[in-house]
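Asker: return a 3D structure for these sequence lines:
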Amino acid sequence: MYRSAANTYARNEDISVHGRIAEGRAFVKAARMLDELKRNPADSKLRAETVAINRVLWTAVQAEVTAPDCQLPDRLKAALMSLSLFADRAVLRMRVSRDAAPIDALIAVNRDVAGGLLTETAH
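Answerer: Down below sits the predicted model:
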């Protein structure tokens, strides 16, 4: 489900190519920070920065899909909202635990979304 949402999001013609590139890069950066946190789980500064970046990124997705002028198809909006709520839960778990599971899950989601956004711009 997550991969198809990312690919559909990337294919939507209402999003400019430059916007897709910037969004894709933001998801790549967030995934890289998560990778770093996974390697250094005791780094509280890195944890705070990683949580903040991911929270802002996924809050932006929520704001975009709930905006009155959002022209994405309803099905895609729902899929992206579902992903963002999943990300919210993972970020919350990251704040209170050093468990790698939410980090791994969010890395996968961020990379899938980035891949969908950046792959589409390469064509």
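Asker: got the contact list for stretch 48-56?
Answerer: Contacts made with stretch 48-56 from outside it, assessed by CB atoms under 8 Å, 6 or more residues apart in numbering, are listed as 29-30, 33-34, 36-37, 87-88, 90-91, 94-95, 106, 110. In this view, the C-beta of every residue, glycine as well, is placed from N, C-alpha and C.
Asker: let me know the average pLDDT across that stretch.
Answerer: For stretch 48-56, the mean per-residue pLDDT is 96.
Asker: name the residues of it that are buried.
Answerer: Of the residues in stretch 48-56, those with enough neighbours to count as buried (16 or more other CB atoms under 10 Å) are Thr50, Val51, Ile53, Asn54, Arg55.
Asker: what of stretch 75-85?
Answerer: For stretch 75-85, the buried set under the neighbour-count rule, 16+ other CB under 10 Å, comprises Leu76, Lys77, Ala79, Leu80, Leu83, Ser84.
Asker: just the closest of the contacts of stretch 48-56 to Gly19, please.
Answerer: Of all those, the one sitting nearest Gly19 is Lys29; the distance, using CB to CB, is 15.7 Å.
Asker: and that closest one, how many neighbours?
Answerer: The criterion is other CB atoms under 10 Å. On that basis, Lys29 has 15 neighbouring residues.
Asker: what's the most distant pair in the buried residues of stretch 75-85?
Answerer: Put simply, by CB to CB the two of the buried residues of stretch 75-85 set farthest apart are Leu76 and Ser84, 12.4 Å from each other.
Asker: and for the two, which residues touch both?
Answerer: With contacts defined as CB under 8 Å, 6+ apart, the residues adjacent to both Leu76 and Ser84 are Val65.
Asker: quick one, what contacts Asp43?
Answerer: Asp43 touches Leu37, counting by CB under 8 Å, 6+ apart.
Asker: any idea how far it is from Lys29?
Answerer: The spacing between Asp43 and Lys29, counted by CB to CB, to the nearest Å, is 17 Å.
Asker: can you give me the helices for the protein?
Answerer: In the chain, the segments counted as helices under DSSP state H are 2-11, 17-39, 44-66, 74-96, 101-121.
Asker: having no further points to raise, I will conclude here.
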